[in-house]
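*Asks:* Structure of the sequence below:
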Amino acid sequence: MEENRPMNFFRFEDLRIYHKTLDFVSWVFNATKSFPDYASVIRNDMIEAAQEITVNIAEGSGRTKNQFIYYLKMGRSSIRKSIVLITIAQKEGLITDEQHEEAKNLLIEISKMLGALISSLQRNKRGERSSSDEEEDDEIIEENNSGNELI
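*Replies:* Numbering: from 1, shown residues only. Next comes the predicted model:
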């Protein structure tokens, strides 16, 4: 199935995972805006961890394939950090059990999407095609956006 939409200048903007992580950042902003002053440290940490997931995807996409994989794995580390922080917020009564479950489900989905993208990059890397890295990355983005609903 060929889509007739132009690719963005910044290739990471064409990845569904990037947009899913932006949704999580928005969720964190909304969930933490009513935190009391004494909880500003955890609020800031939650926002920073959520943003780190998105930033790692963006930053890594402009690198070599091996570096992109590294940055995606760093994004997964930020997911684990986010899980810890939302659990602390729940235990301190700053977010509800329902909010905790919603955030955790979002993070699980993002983690699966990152895992699928990492696997796709590693699979394509093993093929050792002779095209340039940028062309390979464009092919991976197209493949992942058209063929794999997870990413």
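*Asks:* Measure how buried residue 42 is and give me the count.
*Replies:* If you count neighbours by other Cβ atoms under 10 Å, residue 42 ends up with 17. Backbone N, C-alpha and C define where each C-beta goes, glycine included.
*Asks:* list the contacts for it?
*Replies:* 35, 85, 88-89, 92, 94 (Cβ atoms under 8 Å, 6 or more residues apart in numbering).
*Asks:* show me where the protein has helices.
*Replies:* Taking DSSP state H as the criterion, the chain carries its helices at 16-32, 40-61, 65-91, 97-127, 133-146.
*Asks:* would you turn those into CSV with distance to residue 9 and mean pLDDT?
*Replies:* Below are those laid out as CSV (distance: least, Cβ to Cβ, whole Å; pLDDT from 0 to 100):
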stretch, distance to residue 9, mean pLDDT
helix 16-32, 14, 97
helix 40-61, 12, 97
helix 65-91, 17, 97
helix 97-127, 20, 93
helix 133-146, 12, 50
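*Asks:* do you know which of those lies nearest residue 7?
*Replies:* Set against residue 7 and scored by Cβ to Cβ, the helices of the chain come closest in helix 133-146, at 7.3 Å.
*Asks:* Kindly give a single ChimeraX line that selects the buried subset of the contacts of residue 42.
*Replies:* In ChimeraX syntax, the buried subset of these is picked out as below (16 or more other Cβ atoms under 10 Å):
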select :35,85,89,94
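*Asks:* Relative to residue 51, which of the contacts of residue 42 is nearest.
*Replies:* residue 85 (12.3 Å).
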